[in-house]
Every structure is written in structure tokens, then in C-alpha cells.
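Asker: Quick one, what's the 3D model for this:
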Amino acid sequence: MSRARRVADELGPPLLGVAGLLVVWALVAAVSSSITIPSPLDAWRALRHGIADGTIGDASSRTLFRLAFSFAVSIVLGTAIGFGLSLHELTRRSIRPLIVALQIVPPIAVLPIAIGWFGFTERAVVFVAIVGSFPSIALATIAAFRQVPPILIRAGRTLGAEGWELYRSVVFPAALPGYVAGFQQAWGFAWKALLAGELIVSAGHSVGLGQLLAREQDRPSILFAALAVIVLVGVAVDYVVFGQLDRRVRSKRGMLA
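Answerer: Numbering: from 1, shown residues only. Predicted structure coming up:
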């Protein structure tokens, strides 16, 4: 199959879905009377204007910077906790339920605590994003190490691998697909938690996409334009970064048809 055909097979159905959504959006905007719904064309004009005057660009860059920092911290923290718990059965059984409980708690429920500790600052928003995402990485790390086939570990020991060498050459590579797959879920939690925090916390002049939504509630066109940017960024990061990373890892291990 040619590269162009593969790209068409991958992008064709999503683009068809987007086209259908735009048609439905335009129809709803045309017949709505009791509520204000801008048409896709109005949202597009607002988007162009927001990009031209820097409003949307500055907000997007600020939100993406917060996302990158908080998600990097979540990866380090979640990986360290997950790997540490996977080494000790009793500790894992004692601590894992607490991590599951933390994952279940809506990140927005942590926001009052973050505000109490850090005030209405950028640190409160980042803290909420970290708390919302690192449990998923920790749980994915635990699951990935526990799902390594014992026969691989026995084979590695038979070949003389022990201690750190066993983990480096056998356990880590075998656990990598499950570990990477957990990134997609974790970053989704981080993205939603970050935007929820931005909606409520106004961090001075550092306006992100969530703060832009809260500030422009009386301007439906720019509101829908900001929502479109949030969706596009989310889909792009999920597909381009984590989707391709997962595909590459699985492809190297012969896990793709």
C-alpha cells in the first residue's frame, strides 16, 4: 500500500466525521432562535481575527506551556511511583488503592485545595493538572510491569541477566508498549484538568485557553472559536504525538498487522 493510500485511509474517516459535524452545526445555527449559536463561518471569522490580533495564539501557547510542564512532571512522578510499587508486592497492594482513589476524584474537586495552598496563581492550575494525570501513569506503569510474561524473565536469567541488566534488557522493553499506552489516557486527564483549572483560576495576565473561555462568555463567536482550538489541539496531540508513538512502539515489536 502506498504512503498516500495509507494517509487517505487514516485521515479520510476522521475528516468525513468533521464535515458531518460542520453540516449539523450549520443547520442548528440556522434554525436556533432561543439560544445564540454562531455559524461555522462566524466562528471561523472570529478565529481568524483572534489569530491576527494574537489573542488566541498567546492563549494557546500559554496553555500548551502549562500542559508540557505539568505532563512532564506527571511522567516523572507517575513512573517513579509505579516502578517502585511494582517491585514490592505488599507495598503495591497497600498503596495502589490510594492511587486509584486519587484517579477517581475529579480534578476540579482538588482545585479548592490548590487555591488554598497556592492562591489564584498559575501554580494552582499546574498542580491540578499534575494531580489529574500522574495517577494514570503510575497505574499504567504498575500494570505494564506486572504483565511482562514470566517466561521472558526466566529466559533472561537463563542467559545470565540479573539485577539491573535483567530490567534493562528484558523487563523494560517488554513493559514499554503498556507503559506508552498509558500516556494517551494520562495526557487526556491532564488536558481536561488544566482547562478546568484555567476556567476558574485567573492567573494574572497569563491568559490561557480556559481563561479565554471564561472571559469571552458574552461573545459566542470567539467562544466557539476557542472551543474549536481546544478540540483541534487535543486531537492533534493525541494523534500526532501519542498515537504515533504508540504505533511506532508496537510496530517495532511486530504488534501491528
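Asker: Tell me, how many residues neighbour A181?
Answerer: 18 (other CB atoms under 10 Å). The C-beta positions use only the backbone N, C-alpha and C, and glycine is treated the same way.
Asker: In contact with the closest residue in space to G156 that isn't next to it in sequence, which residues?
Answerer: Of all residues not flanking G156 in the chain, V170 sits nearest, at 3.8 Å (CB to CB, 6 or more residues apart in numbering). Residues near V170 by CB atoms under 8 Å, 6 or more residues apart in numbering: 148, 152-153, 155-156, 161.
Asker: Mark which of the residues you listed are part of helices, please.
Answerer: Among these, the members found in helices (DSSP state H) are 152-153, 155-156.
Asker: Of these, which is the most crowded?
Answerer: G156 leads these on contacts (other CB under 10 Å) with 18 neighbours.
Asker: I figured that one was touching L166, is that so?
Answerer: Yes. Checked against CB atoms under 8 Å, the pair G156 and L166 is within contact range at 5.2 Å.
Asker: Please give the element, helix or strand, for V76.
Answerer: Secondary structure assignment for V76, by DSSP states H and E: helix 55-87.
Asker: ok, now F172?
Answerer: Here F172 is assigned to helix 172-200, by DSSP H and E.
Asker: what packs against that helix?
Answerer: helix 55-87, helix 107-118, helix 122-146, helix 209-215, helix 220-236, helix 244-252 (3 or more CB pairs under 8 Å, 6 or more residues apart in numbering; DSSP states H and E).
Asker: what sits against L16?
Answerer: With CB under 8 Å, 6+ apart, L16 has no contacts at all.
Asker: From L22, how far off is it?
Answerer: L16 sits 11 Å away from L22, taking CB to CB, to the nearest Å as the criterion.
Asker: And V76, what's its pLDDT?
Answerer: V76 is assigned a pLDDT of 94 by the prediction.
Asker: And for it, the neighbour number?
Answerer: So V76, with other CB under 10 Å, has 12 neighbours.
Asker: Numbering from 52 from now on, please.
Answerer: Let's use 52 as the start, then, which means that last one is V127.
Asker: Next, work out how far apart the nearest residue to R113 once chain neighbours are set aside and I164 are.
Answerer: Counting by CB to CB, 6+ apart, R113 lies nearest to G259, which is 4.6 Å off, once chain neighbours are set aside. As judged by CB to CB, G259 and I164 stand 20 Å apart.
Asker: any idea how far the residue sitting nearest the centre point of the chain is from P89?
Answerer: With distances taken as CA atoms, centre = their mean, the residue of the chain nearest its centroid is W238 (2.0 Å). Computed as CB to CB, the W238 to P89 distance reads 29 Å.
Asker: give me the element R56 is part of.
Answerer: Using DSSP H and E, R56 falls in helix 54-82.
Asker: So what's the model's average confidence on the helix or strand following that helix?
Answerer: As assigned by DSSP H and E, the chain's next helix or strand after helix 54-82 is helix 91-103. Averaged over helix 91-103, pLDDT sits at 85.
Asker: Now do the buried residues in helix 91-103.
Answerer: By neighbour count, with 16 or more other CB atoms under 10 Å as the criterion, the buried positions of helix 91-103 are 93-95, 97-98, 101.
Asker: what's the burial count for V75?
Answerer: Neighbour number of V75 under other CB under 10 Å is 10.
Asker: next one: V79
Answerer: The number of residues near V79, taken as other CB under 10 Å, comes to 12.
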